[in-house]
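S.K.: I'll drop the sequence and a predicted model, then ask my questions.
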Amino acid sequence: MIPRDNCQAPQRDLPVTYLEDILNTRHELVQMGKRTDWKACEQHFGRLYDIESGCPGPFIRLHVGLRRSTGNH
């Protein structure tokens, strides 16, 4: 008789849909997002976004992602 392996992968919640199940992780934008140093982008562009005045601007990741996807980097 073969002993059963008691180390099983954790069971995921059935009603929860995970983002990695929806997205194609081989898509070029997903790959670009993994390669981008977001901490450096937030430090560089963060000073350009003023939280105190008026309507908040677009997210830094959106700004950088749009610029990189159009080739303006």
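M.R.: Everything's here; your move. Residues are numbered from 1 along each chain as shown.

S.K.: can you name every helix or strand that the helix-or-strand element of the chain with minimal mean pLDDT contacts?
M.R.: Least confident helix or strand, the chain: helix 60-69 with a mean of 79, by mean pLDDT, DSSP states H and E. For helix 60-69, the packing partners by 3 or more CB pairs under 8 Å, 6 or more residues apart in numbering; DSSP states H and E come out as helix 28-35, helix 38-46. C-beta here means a position set from N, CA and C on the backbone, and glycine is covered the same way.

S.K.: need those helices in JSON lines with distance to Ile60, can you?
M.R.: Formatted as JSON lines, those follow (distance: least, CB to CB, whole Å):
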{"stretch": "helix 28-35", "distance to Ile60": "13"}
{"stretch": "helix 38-46", "distance to Ile60": "5"}
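
S.K.: from Thr36, how far out is His44?
M.R.: 12 Å (CB to CB, to the nearest Å).
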